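Chemist: Sequence and predicted structure are below.
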Amino acid sequence: MEELALKYIISTIFYSMLGLILFILSLSLIEKITEFSITKKVVEDGNIAVSIVIGSIMIAMGIIISSAIR
């Protein structure tokens, strides 16, 4: 029984790391695709609309990755 639990723990850690890597890669891809710097717009200019759009994109990708892992 302990071997079975260890298997699930290891797979959970693996897929969590895979999801984080995909999040980072997708955020950097979005940064390169847009014609402006997202970081500059959010941090320096305080553009809340860009933050909401990027946040909703990240939530949508999280839902897609979560369903793909299951």
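Modeler: That came through fine. Residues are numbered from 1 along each chain as shown.
Chemist: secondary structure element for the most centrally placed residue in the chain?
Modeler: Nearest to the mean C-alpha position of the chain, counting by C-alpha atoms, centre = their mean, stands F23 at 2.7 Å. Here F23 sits within helix 2-33, counting by DSSP states H and E.
Chemist: so after that helix, what's the next helix or strand?
Modeler: Where DSSP H and E defines the elements, the next helix or strand beyond helix 2-33 is helix 38-39.
Chemist: How about residues contacting the next helix or strand after that following helix?
Modeler: Downstream of helix 38-39, the next assigned helix or strand under DSSP H and E is helix 48-69. Residues from elsewhere that reach helix 48-69, judged by C-beta atoms under 8 Å, 6 or more residues apart in numbering: Y15, L18, G19, L22, F23, S26, L27, I30, I38, K41, V42. Every residue, glycine included, has its C-beta placed from N, CA and C.
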